[in-house]
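Peer 1: sequence first, predicted model second:
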Amino acid sequence: MLDRKQFLTGLGALGAAGIASRRAAAQTQEGITAEVADFVVGTRFETLPPELIELSRKHILDCFGLALAGEKAETGPIVRRYLGEMGAGAGAATVLGTNLRAPPRFAAFANGVAIHADDYDDTQLAVAKDRVYGLLTHPSVTALPASLAMAEAGGKSGRDFLVAYHLAVEIETKVAEASNPRAYDGGFHSTGLFGVFGATVGAAKIRGLDAKQIRNALGIAGGEASGVRENFGTMTKPFQAGHAAEGGVMAADLAAIGWTAAENILEAQRGIWAAAGGGFDRGAIAGKLGKPWSLLNPGVSIKPYPSGSLTHPAMDEMGRLVKANRLKADDIASIRVGASKPMLNTLIQHHPKTGLEGKFSMEYCMAVLVTEGKAGLGEFTDEAVNRPGVQALLKRVDFYNNPAADAAGTDKMRSLIEVHMEDGRVINGAVVDYARGSPQIPMSFNDEKDKFLDCAAYAGLPAANAQAIIAAVEGLEKLTDIRGLTRLLARA
């Protein structure tokens, strides 16, 4: 029989063994946050591949157009009122599309909300088979506002801004890709959850933080990471993007003046990957930063329509069918759209009554293409969604789970369309997996110019100003002061 001393000694040995076991397990996963910080510190403009810089012009111009158009959304006046009530109406950074200036964190918030308000911004493409295609993050909506606000406040150059923007996109996309899919499947909004880490490194790079400060800033960001998918189809979805952009600026600001946090926030046993996703794939991020840059491969999709990206392949095909067959709503008995279970789990608005709900309704997206022949910014308003003709037709759209779509894998957006006519004919659409604007069917810079000009016109920006913004983006790395560009993006 053990005496008390032997018993306690045994407990100590077991405890030590347990601690050693946990430490050994942790060592296999440690160092990712430090690797991120070192990568951010070591990246310079000269280390960015020329093709990466060229590609990013489309995404940056895309954001600027969306920021201008987004000020016309219902969220625009509310955000401006909020800034005024907070006493944040004056500062060193521009609220794009307005005559307001604000401290960088508030400008980042306002611009993030505006860019995401119409759900028209770029979308990260997952590469792993257990991820849902295109449903990781919207990277530029958090990366650009934080980097731009800090660069403007500091009078930085176009090159400085480009480095910060690319780092923000790279870190956000790699962190999102590495997370176990449970985070998204369980209801987290990836842009809000992971976007804050991208925004943080963009702001930190502009501030010139060292590696330790960046690790602390990322730890602060972990305390801010949030966002849930139940808010899709409401004003709070763009809020979550703006909140992430703002949080990144605040995290960098606090770390710069000595605020501390967990320096292993990504990989820690109770860090962001464990808490939100139940773990992570080390192979998706360790040694992969900039190898290749995610914007280059697998790429980031630019949206052809202001709605949830999972609607887009079907929308492209439905638009083709409407034109090819001169389809009219009165001649259609029903429309069947087959898709995978994850697509149905995301496009949750089956009876939309608002423009925001319409963005996450396959039924509405199909119906509006038939009734209006288009699906642009003007087709995703409350008034447009509630037109009697479109409401009548969307009730005849059957959005259902098709086993063939499930079998294709969640790394595709497989959509299968059947149009059943009143005269008994059935018109079958082609099987589609991708939409225009994806790396598989990329937009050219001229295509993006057209989208930007449409957004600028929707916002009421004079045509001469719009052309000047395009020219500035084309020569962004030549700007010695980014404020020359932000002045063009302000409303006089």
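Peer 2: On my side now, so go ahead. Numbering: from 1, shown residues only.

Peer 1: got the contact list for Asp160?
Peer 2: Asp160 sits next to 45, 151, 154, 206, 482 when contact means Cβ atoms under 8 Å, 6 or more residues apart in numbering. For the C-beta atoms, the positions are set from N, CA and C on the backbone; glycine is no exception.

Peer 1: element containing the closest residue to the first one other than its chain neighbours, please.
Peer 2: Meaning Phe45. With sequence-adjacent residues excluded and distances taken as Cβ to Cβ, 6 or more residues apart in numbering, Phe45 is closest to Arg159, at 4.4 Å. In this structure, Arg159 sits in helix 158-178 according to DSSP states H and E.

Peer 1: okay, the contacts of Asp160 in CSV with neighbour count, distance to Gln391 and pLDDT next?
Peer 2: Converted to CSV, those look like this (neighbours: other Cβ atoms under 10 Å; distance: Cβ to Cβ, whole Å; pLDDT from 0 to 100):
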residue, neighbour count, distance to Gln391, pLDDT
Phe45, 15, 52, 98
Ala151, 30, 45, 98
Gly154, 19, 50, 97
Ile206, 29, 48, 98
Ile482, 26, 46, 98
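
Peer 1: now, among these, which is nearest to Tyr82?
Peer 2: Proximity of the contacts of Asp160 to Tyr82 (Cβ to Cβ) peaks at Ala151, which lies at 23.7 Å.

Peer 1: what about the contacts of Asp160, which are in helices?
Peer 2: Applying DSSP state H to the contacts of Asp160, the entries found in helices are 151, 206.

Peer 1: most widely separated two among the contacts of Asp160?
Peer 2: Phe45 and Gly154 (15.6 Å).

Peer 1: spell out for me which residue occupies the centre of this structure.
Peer 2: Central residue of the chain (Cα atoms, centre = their mean): His138, 1.0 Å from the mean position.

Peer 1: what sits against that one?
Peer 2: His138 makes contact with 116, 121-124, 191, 195, 241 under the criterion Cβ under 8 Å, 6+ apart.

Peer 1: distance between the helix holding Arg159 and the chain's centre?
Peer 2: 12 Å (Cα atoms, centre = their mean, to the nearest Å).

Peer 1: after it comes which helix or strand?
Peer 2: helix 182-185.

Peer 1: report all helices and strands that that following helix contacts.
Peer 2: helix 190-207 (3 or more Cβ pairs under 8 Å, 6 or more residues apart in numbering; DSSP states H and E).

Peer 1: which other helices and strands contact the helix it packs on?
Peer 2: Using 3+ Cβ pairs under 8 Å, 6+ apart: helix 190-207 touches helix 32-42, helix 104-117, helix 139-153, helix 158-178, helix 182-185, helix 211-224, helix 236-256.

Peer 1: about what we covered before: relative to helix 236-256, how tilted is the helix holding Arg159?
Peer 2: Compare the direction of helix 158-178 with that of helix 236-256 by axes from the mean of the first three to the mean of the last three Cα atoms, to 10 degrees and you get 110 degrees.

Peer 1: just the mean pLDDT for helix 158-178, thanks.
Peer 2: What helix 158-178 shows for mean pLDDT is 97.

Peer 1: the closest residue to Pro104 other than its chain neighbours and Asp253: what is the separation?
Peer 2: In space, Pro104 comes closest to Ala149 once its chain neighbours are excluded; the distance is 3.9 Å by Cβ to Cβ, 6+ apart. With distances taken as Cβ to Cβ, to the nearest Å, Ala149 is found 11 Å from Asp253.

Peer 1: could you do Arg81 as well?
Peer 2: Distance from Arg81 to Asp253, by Cβ to Cβ: 24 Å.

Peer 1: same check, this time on Lys174
Peer 2: 24 Å.

Peer 1: the more surrounded of those two?
Peer 2: Lys174 (24 against 19; other Cβ atoms under 10 Å).

Peer 1: wait, the more buried one touches Leu289, no?
Peer 2: Yes: assessed by Cβ atoms under 8 Å, Lys174 is found in contact with Leu289 at 6.2 Å.

Peer 1: for Ala490, which residues are in contact?
Peer 2: Going by Cβ under 8 Å, 6+ apart, Ala490 touches 94, 96-99.

Peer 1: now do Asn446
Peer 2: Per Cβ under 8 Å, 6+ apart, neighbours of Asn446: none.

Peer 1: list the buried residues of whichever strand or helix holds it.
Peer 2: Asn446 is part of helix 445-459 when elements are defined by DSSP H and E. The neighbour-count check on helix 445-459 (16 or more other Cβ atoms under 10 Å) flags 448-449, 451-453, 455-459 as buried.

Peer 1: please apply the same query to stretch 261-276.
Peer 2: 261-268, 271-274, 276.

Peer 1: please apply the same query to stretch 88-105.
Peer 2: Going by neighbour count (16+ other Cβ under 10 Å), the buried part of stretch 88-105 is 88-89, 91-98, 100-105.

Peer 1: tell me the domain boundaries of this structure?
Peer 2: Following automatic domain parsing, one gets these domains for the chain: 1-30, 33-301, 309-428.

Peer 1: in this structure, what spans have low per-residue confidence?
Peer 2: Along the chain, the model assigns pLDDT under 70 to residues 1-30, 132-135, 492.

Peer 1: please repeat the previous calculation with a cut-off of 50.
Peer 2: 1-2, 4, 7-11, 13-14, 16-29 (pLDDT under 50).

Peer 1: tell me where the longest strand sits in it.
Peer 2: strand 332-339 (DSSP state E).

Peer 1: and it, how far out from the chain middle?
Peer 2: 29 Å.

Peer 1: helices and strands around it, which ones?
Peer 2: If contacts are counted by 3+ Cβ pairs under 8 Å, 6+ apart, strand 332-339 sits against helix 312-325, helix 362-372, strand 397-401, helix 403-408, strand 416-421.

Peer 1: which elements pack onto the last one?
Peer 2: Packed against strand 416-421, as judged by 3+ Cβ pairs under 8 Å, 6+ apart, are the following elements: helix 312-325, strand 332-339, strand 426-428.

Peer 1: again with the first one
Peer 2: In this structure, helix 312-325 packs against strand 332-339, helix 362-372, strand 416-421, with contacts taken as 3+ Cβ pairs under 8 Å, 6+ apart.

Peer 1: so which of those is the most surrounded?
Peer 2: Mean neighbour count (mean count of other Cβ atoms under 10 Å) peaks for helix 362-372 among the helices and strands packed on helix 312-325, with a mean of 27.

Peer 1: list the buried residues in the helix or strand just after that helix.
Peer 2: Moving toward the C-terminus from helix 362-372, the next helix or strand (DSSP H and E) is helix 382-385. Applying a neighbour-count criterion of 16+ other Cβ under 10 Å, one finds 384-385 buried in helix 382-385.
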